[in-house]
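> sequence-free structure coming up:
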C-alpha cells in the first residue's frame, strides 16, 4: 500500500514537473521530482572507494600517460577492457593521431659564478632540442616582457630567463607559452622561465609552449622557482651568470591514440547526448592523478553508479576520455569533427579538469534560461555542499563543442593547492582523498542524470534539431 | 648636564646590579642595567640587510658545503678573508679532518608492475654503493621495525622499504639512521626509506645513517614520500614490486676542513668565553641556507653589530663555525679536544641550527639559578617577541661542551616549515626573510652580550676555575 502511494506520488510530481517546465518554472518541480534519485545517487557514490582504487591502480600501474607514449595506450587498453567488463554500452576507442614530442635527457649547468653545478630543469613541451654539446651563454634575467623590450640590446646572443612570480595561472603561463618567441625576437639563443607555480620544493613544472613560423625556434625550459630567484639575486649583485643548456628534445612523427568512449543509452531519446569527461593524457612527469586521471575515472564512475542503481535516463549519457589535451588538443578537435553530425544533439557538455578535490559545484556557460535550470538542479547537491553554480566555465576538451553552441560546464573544486602540483612529478595519488573523489562523482552524476532525464531538453541557443 | 646625569644613572644601575646579583636577585637589575645597550643592539641589527645579503652571496656563489668538498673550503676561505676585513679579532681556521663521502650517480628503476620507470632517490650519507649493474630485487614494504620483525621471513633476500609517515623528526629519523642495520639483520639485500619530511612535492630528503660492525653494510637510500606511499598501495593490492637500485656512493679518505673562529676579546676577563655559532657544512643538495648557513652568518653578524656599536664586553665572545655537523660531528669534537684546557672557562655555549626564521627565544640547559638569569635577560627581548626562555635545549655542535658541564642553549624559532626543506634541494635562500634573519641576530646579540658582560659569571655546576 505504501509502495503504491509512493509510486503515485512520484507520478504526480512528474506530471507537475512536465507542466511546470512548459510554463518556464521547471525549477521547483525538478528538485521535487528528482530528490529521491539524487539522494540514491549520492548515497551510492559515497558508499565505497572502488572508483578511487581504480584511479590509483591506473596511475600506479601505467605511470604517466603522455601523448604518443606506450603508457597512455596501455592505460587506454585497460580502461576499454574494464569498461566492457562493467557492461557499459558502446564502449569504443575512436582513433586520433597525436603529436609525439619526446623529452630525452636534459641538463642545465651553471658555469659561473662559482664552481660548475647542475640545476634541475624541465624542458617545455614542444621545444626544440639543443646541439649535443648544448648551448652555452650568458643569462639575462628579466621580470616581464616589458623589461625584455627595454633591455632588448642586452638580450642579443644571450639566454633570456623570465623570472616571473606566480600571480594567476592565466597571467603567468604567458611566459611559458610565448617566452621562446619573445626571447627569439629579441635575439636570444635560448629561453628559460621560472616554473609556473605558487609554492616550490625545488619543483620544476613543465607544460606546453609555442613557436611562430616567422621567428627562429629556440630551446625553452623551466627552472625551479628557487634557481630563477637565485639568478635574479646574482644579476642584481652584478655577478655574471653563464650556463650550458642541453636538451635532447625532439618531435617525432604523429602517433596513434584514441578517444575512449562509453555510454548509457537514453531510453526515450537516445540520440540526445549529455557528454561528460576529461582527458586521458597527462604530462610526462608524475602520475597525472589530478591532471586529469581523476577527471576521467570520476566520469566513468558516474556510469557505474547509474548502472548499479538501474537508472537509465531519457537521453544518452556519454563519457569521453579525450586524448592529447595537454599538448595539442587533438582529441577534442577529432571528437568534434568525428561527431559533427550529432553536435546539435549535444544537450550539455561537462568537463572535470581541475583535480578531484572537494567539489563546490559547477561553472556554467549557456543561456540565462539554461542557467536557471542548472541552478535548480544544484539544489539537489546542497546536501553535499556542491550545488554552487556560477556563471562562466567549461574546459579545454569541450571547448570545440561549446564554440558550436553546446552549453558547457566545468566541475569546480577546492583547488587551492592544484597549482602546487600542476605539471610536476608531484601530481600523484597521495594528494587526493577517496571521499572527496566520491563527492565529485556524486556531483557529476546528479547533474548529468537530471539533465539527461528531465522531460524538457536543456535550453540552448542552437536550433534544437531533434526536438 | 643631561649627559652627566645619564652616566651617573647608568653607574648607579651597575652598582645596584652588582649588589643585587650578589644577593641572588640579579634579574631586575640586569634588565635595568642593560636596557639601553640591548635597545641599541636591536636597532642596529634591524637597521639594514647587509648580513642577509652576505648569507645569500655565500649560498649562491659557493653552493652547498658538504664535508670534504671544495665548495666548503672555498666558502671557509671567503669567510676568513671577510672576517679579517671586518677587523674581527683572532680570526682563524682550526684544522679538522672530516669524513669524505661522495654520492656519485644514483638511480632507482621500478621494474614492475608496469613498464620500467625511474624514480627519484637520494642515497643516505655514509651508505655503501652498489655494484655497477645495481642490485635488483623484490621490495617488501613495512611500516615499522615491529612489522619488519613480524615479517622477518619475507624480508630475506629482498629490498626492504620502511614506509614510515613523519610524526616528529626524532621518531621518524630512526628509520633513516638505523634502517640499513635493521634491514640487514633481517637478511635484506638493500634498504629504502620514505623521506623524513611532513610535506612533499616529490622531494627526496638525504641525511646521515649508520652501520654496525657486526652486521653487513647494505646500500640505503631515501624515496620520495610519493613513491613510498605508491609502493605501499602496490603491495596492499597484491602487485609484485621489483626494483633495481644503483648507487656509486663511496667513502674516500678523510679530508681537510676547518672550524672557523673569530672573537671580540673581553676587556676584563678575556679568558672567559661565551661561545656562539652553528655549523659551516651542509648536505650535498640545496644551498644549506637554513641548515645551517643562516646560523653561522647570524653568529658572525653578532660580532659585526657589537663592533659597530663599540660594545666590548667584560668577557670574550667567540664565534665558531663548526665543520662536519651533518655526517660526523668532527668539528664539534675537535673543538672540544683542541680547547680542552679552557673548557672550564666556557661560560655559555649558544647554537643556532633550526633555521633563521622568526625567533621566539631560547631553549636553555643549565642550573635553575642560571635559568633564572637567562629568563631575566629574555625580558630585554620582549620588544621583539623573542624573549621566551624554555627549559632544555642546546645543539649538536655544542653537545660535547655541554656534556662537560658548560651551560648550553639553542635559538628557538617559528620553524613550522623547517622540515619541509630539511636536507633537500629546497633548503635555499628564497625560504628566508631578511627581517626575520635580523631578528635572530638581535636576539643572539643581546643574549651573548649580556651574558659576556654582566658582572657575575653565569652560574654553572662546573668548578669556576677562573672566578
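Great, that's in hand. This structure is a prediction, so every number in the text was calculated from the model and none was measured.

> Write out the residues of the stretch 51-200 of chain A neighbouring chain B.
Selection of the stretch 51-200 of chain A residues close to chain B by C-beta under 8 Å from any C-beta of the partner chain yields A:53, A:56-57, A:60-63, A:70-71, A:74, A:113-115, A:117, A:120, A:199-200. (C-beta placed from N, C-alpha, C; glycine too.)

> Just the buried subset of the residues you listed, written out for ChimeraX, thanks.
Buried residues within those, by 16 or more other C-beta atoms under 10 Å in any protein chain shown, are selected in ChimeraX with:
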select /A:53,56,57,60,61,62,63,71,74,113,114,120,200
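
> mind listing the helices in the stretch 1-150 of chain A by residue range?
Using DSSP state H, counting those that start in this stretch, the helices of the stretch 1-150 of chain A run over residues A:2-22, A:26-45, A:50-62, A:70-85, A:145-150.

> And for the very next helix or strand once past the shortest one, what's in contact with it?
Spelled out, that is helix A:145-150. Per DSSP states H and E, the first helix or strand lying C-terminal to helix A:145-150 is helix A:152-155. Helix A:152-155 is contacted by residues A:140, A:142, A:148, A:183, A:186-188 when judged by C-beta atoms under 8 Å, 6 or more residues apart in numbering or on different chains.

> and of the residues you listed, the nearest to chain B?
Chain B lies nearest to residue A:140 out of the contacts of helix A:152-155, by C-beta to the nearest C-beta, at 17.1 Å.

> Can you list the buried residues in stretch A:382-399?
A:384, A:386-387, A:389-390, A:393-399.

> most centrally placed residue in chain A?
Geometric centre of chain A, nearest residue: residue A:353, 3.1 Å, by C-alpha atoms, centre = their mean.

> check contacts around that residue.
A:278-279, A:291-292, A:295, A:325, A:395-397, A:410.

> Let's see which of these end up in helices.
residue A:295 (DSSP state H).

> so which of the contacts of residue A:353 comes closest to chain B?
Out of the contacts of residue A:353, the member with the shortest distance to chain B (by C-beta to the nearest C-beta) is residue A:291, at 14.3 Å.

> what about the helices in the stretch 301-450 of chain A?
Ranges of helices within the stretch 301-450 of chain A are A:330-338, A:368-378, A:399-402, A:418-421, A:434-453, based on DSSP H, counting those that start in this stretch.

> OK, contacts around residue A:176?
A:124, A:193, A:196, A:207-209, A:222.

> again, 6 Å this time
A:193, A:196, A:207, A:209 (C-beta atoms under 6 Å, 6 or more residues apart in numbering or on different chains).

> quick revisit: out of the helices of the stretch 301-450 of chain A, which is closest to chain B?
Counting by C-beta to the nearest C-beta, chain B lies closest to helix A:418-421 out of the helices of the stretch 301-450 of chain A; the figure is 6.5 Å.

> List of residues touching that closest one?
A:169, A:197-199, A:355, A:427, A:431.

> likewise stretch A:384-393?
With C-beta under 6 Å, 6+ apart, stretch A:384-393 has contacts from A:42, A:359-365, A:374-375, A:378-379, A:381, A:409-410, A:439, A:442-443.

> before we move on, the earlier item: can you tell me which of the contacts of helix A:152-155 is closest to residue B:335?
Nearest to residue B:335 among those, counting by C-beta to C-beta, is residue A:140 at 45.1 Å.

> What count of nearby residues applies to the closest one?
22 (other C-beta atoms under 10 Å in any protein chain shown).

> repeat for residue A:148
Neighbour count of residue A:148, defined by other C-beta under 10 Å: 22.

> so where's chain A uncertain?
A:1-28, A:463-467 (pLDDT under 70).

> Let's see that with 50 instead.
Counting by pLDDT under 50, chain A has low-confidence residues at A:1-2, A:16-17, A:19-27, A:465-467.

> domains for it, by residue range?
For chain A, the structural domains run A:13-99+A:254-453, A:104-248, going by automatic domain parsing.

> Just send those back as JSON lines, with distance to residue B:451 too.
As requested, the domains of chain A are arranged in JSON lines below (distance: least, C-beta to C-beta, whole Å):
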{"stretch": "domain A:13-99+A:254-453", "distance to residue B:451": "44"}
{"stretch": "domain A:104-248", "distance to residue B:451": "35"}
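
> Deepest-packed of those domains, please.
Stretch with highest mean neighbour count among the domains of chain A: domain A:13-99+A:254-453 (a mean of 22; mean count of other C-beta atoms under 10 Å in any protein chain shown).

> how far does that domain sit from the chain's center?
Here domain A:13-99+A:254-453 is found 11 Å from its chain centre; the criterion is C-alpha atoms, centre = their mean, to the nearest Å.

> if we can go back for a sec, the contacts of helix A:152-155 in strands, which ones?
A:140, A:142 (DSSP state E).

> what sits against the nearest residue to residue A:332 once chain neighbours are set aside?
Among residues not flanking residue A:332 along the chain, residue A:397 sits closest, at 4.4 Å (C-beta to C-beta, 6 or more residues apart in numbering or on different chains). Applying C-beta under 6 Å, 6+ apart to residue A:397 gives the contacts A:279, A:322, A:325, A:332, A:351.

> Same check on residue A:232?
By C-beta under 6 Å, 6+ apart, the contact set of residue A:232 is A:141, A:163.
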